[in-house]
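> below are the sequence and a predicted model for it; my questions follow.
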Amino acid sequence: MNDDRVLEVDNLQVSFSLGGGQTLRAVKGVSFHIGRGETLALVGESGSGKSVTAMTIMRLAEYDGARLAGGSIRMRLAGGEVVDLARLPQKRMQSVRGSDISMVFQDPMASLNPVFSIGFQIGEAIMRHQGKSAAEARTIALNALKLVRVPEAEKRLDQYPHHLSGGMRQRVMIAMALCCRPSLMILDEPTTALDVTIQAQILDLVRALQREIGMSVLFITHDMGVVAEMADRICVMLKGEIVETGTVYEVFETPLHAYTRSLLAAVPRLGSMADKDEPERFPLVELRDDPGLAGTRDAVRVEAVPA
Ligand SMILES: Nc1ncnc2c1ncn2[C@@H]1O[C@H](COP(=O)(O)OP(=O)(O)OP(=O)(O)O)[C@@H](O)[C@H]1O
């Protein structure tokens with residue numbers, strides 16, 4: 001693996017048994033890499049396989065019944081060792097999760113335990129992953145809350161999730177994910193449940209943190225507007241496959257795949273809003289129903305292979 005990469009996913013295949021001998025192939029041979037300090041956006045509509053890909057990298061998908069049917073997930077750990085996460089025993093993965101990679105989910109309420117204080121929940125993760133005492137963990141938790149710009153951080157430590165707004169809860173989740181200074185953070189639709197202003201604040205925060213800490217980010221979204229804000233490179237997923245990949249500039253300037261064009265057409269533009277109530281939208285359903293489109297790979301942008 002090149003020195004400048006933290007993650008290399010190669011030909012990843014994930015399936016679910018649906019009973020009655022039926023198998024759903026949720027991820028069909030997906031390959032991508034993420035460089036140090038880089039943000040890669042995995043884009044596609046609901047059901048395209050983005051979350052299953054992320055959960056497989058975390059090795060959490062198997063707890064939902066997923067089967068890792070093939071491929072490799074090579075990751076450079078903090079000490080420099082390169083391991084194939086697809087083949088690590090779960091016991092070892094427990095230490096990789098939260099120390100080398102962490103994940104922030106869409107709904108912070110589902111990730112936070114309502115009966116424990118914020119300080120306890122962040123502290124518990126720090127004690128588990130870093131072997132710190134309760135007092136040390138509280139200090140680290142406090143600093144993490146300050147890092148994610150939570151006002152009155154000291155007071156927040158003793159509050160419970162229901163005391164916080166949705167945006168604040170998502171900041172707490174990001175703080176928790178940052179505590180162990182992971183080299184890769186996966187954010188799965190982190191702002192979808194938030195209103196637009198709070199969404200913009202959280203996106204700004206992630207960008208600022210990335211500059212401060214230098215971590216790599218895998219950003220999962222269905223929103224090309226968010227991609228334009230956040231990402232260096234994009235992988236577009238459709239029905240379990242990556243149908244197009246490139247830099248943000250390349251993909252926005254010259255989208256090669258019809259599905260990518262449909263995603264771009266769904267981004268409201270000032271011009272198209274001028275004389276209509278609704279932004280223009282590409283007829284996505286018709287496109288997806290076109291049998292010629294599914295799995296089309298001729299539009300895949302071939303990335304230069306470094307010498
Ligand atoms: N536990 C599960 N059992 C069976 N099928 C599943 C399970 N989890 C996901 N799937 C299926 O895998 C496919 C990919 O789902 P995935 O959640 O990765 O999509 P997604 O692109 O992340 O969409 P969303 O943004 O809605 O989560 C879908 O067809 C979904 O129904």
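Alright, I've got the coordinates.

> residues from this structure in reach of the ligand?
For the chain, the residues found near the ligand under the criterion C-beta under 6 Å from any ligand atom are 16, 24, 26, 44, 46-52, 64-65. Every C-beta, even on glycine, is put in place using the N, C-alpha and C of the backbone.

> would you list the buried entries among these?
Among these, those buried by neighbour count (16 or more other C-beta atoms under 10 Å) are 16, 26, 44, 48-52.

> show me the two of the residues you listed that sit farthest apart.
With C-beta to C-beta as the measure, no two of these lie farther apart than 16 and 44, at 17.6 Å.

> list the buried ones in the helix or strand harbouring residue 155?
With the criterion set as DSSP states H and E, the secondary-structure element containing residue 155 is helix 153-157. Within helix 153-157, the residues that qualify as buried are 153, 156-157, counting by 16+ other C-beta under 10 Å.

> may I see the buried ones among the residues of the chain next to the ligand organised as CSV, with secondary structure added?
Listed next are these as CSV, based on DSSP: H, G, I helix; E, B strand; the rest coil:
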residue, secondary structure
16, strand
26, strand
44, coil
48, coil
49, coil
50, helix
51, helix
52, helix
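
> in the stretch 101-250 of the chain, mark out all the strands, start to finish.
Counting by DSSP state E, counting those that start in this stretch, residue ranges of the strands within the stretch 101-250 of the chain are 101-104, 184-188, 216-221, 233-238, 241-247.

> between the third one and strand 184-188, how big is the angle?
Computed with axes from the mean of the first three to the mean of the last three C-alpha atoms, to 10 degrees, the direction of strand 216-221 lies at 10 degrees from that of strand 184-188.

> who are the packing partners of strand 216-221?
Using 3 or more C-beta pairs under 8 Å, 6 or more residues apart in numbering; DSSP states H and E as the contact criterion, the neighbours of strand 216-221 among helices and strands are strand 5-19, strand 22-35, strand 39-43, helix 50-57, strand 184-188, helix 196-213, helix 224-230.

> ok, now with 6 Å
If contacts are counted by 3 or more C-beta pairs under 6 Å, 6 or more residues apart in numbering; DSSP states H and E, strand 216-221 sits against strand 39-43, strand 184-188.

> out of those, which one sits most buried?
For those, average neighbour numbers computed from mean count of other C-beta atoms under 10 Å are highest in strand 39-43, which has a mean of 25.

> rewinding a little: in TSV, list the helices and strands packed on strand 216-221 along with mean pLDDT.
Supplementary listing: these in TSV, determined by pLDDT from 0 to 100:
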stretch	mean pLDDT
strand 39-43	96
strand 184-188	94
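
> in a markdown table, list those along with distance to residue 8.
Compiled in a markdown table, the helices and strands packed on strand 216-221 are given as follows (distance: least, C-beta to C-beta, whole Å):
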| stretch | distance to residue 8 |
| --- | --- |
| strand 39-43 | 12 |
| strand 184-188 | 12 |
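
> which of those sits closest to residue 73?
Set against residue 73 and scored by C-beta to C-beta, those come closest in strand 184-188, at 11.0 Å.

> the residue of the stretch 201-307 of the chain found nearest the ligand: how many residues sit nearby?
Here the stretch 201-307 of the chain gets closest to the ligand at one residue, residue 222, 6.1 Å apart by C-beta to the nearest ligand atom. Here the count is done by other C-beta atoms under 10 Å, and residue 222 has 18 residues near it.

> ok, the one 3 residues further on next?
Around residue 225 there are 15 other residues, counting by other C-beta under 10 Å.

> hang on, it packs against residue 266?
No: using C-beta atoms under 6 Å, residue 225 and residue 266 do not qualify as a contacting pair, with a distance of 9.2 Å.

> most widely separated two among the residues of the chain next to the ligand?
Distance extremes for the residues of the chain next to the ligand: the farthest pair is 44 and 65 at 21.5 Å, using C-beta to C-beta.

> from the ligand, how far off is the closest residue to residue 108 other than its chain neighbours?
If the residues on either side of it in the chain are set aside, residue 108 comes closest to residue 169, at 3.9 Å by C-beta to C-beta, 6 or more residues apart in numbering. With distances taken as C-beta to the nearest ligand atom, to the nearest Å, residue 169 is found 20 Å from the ligand.
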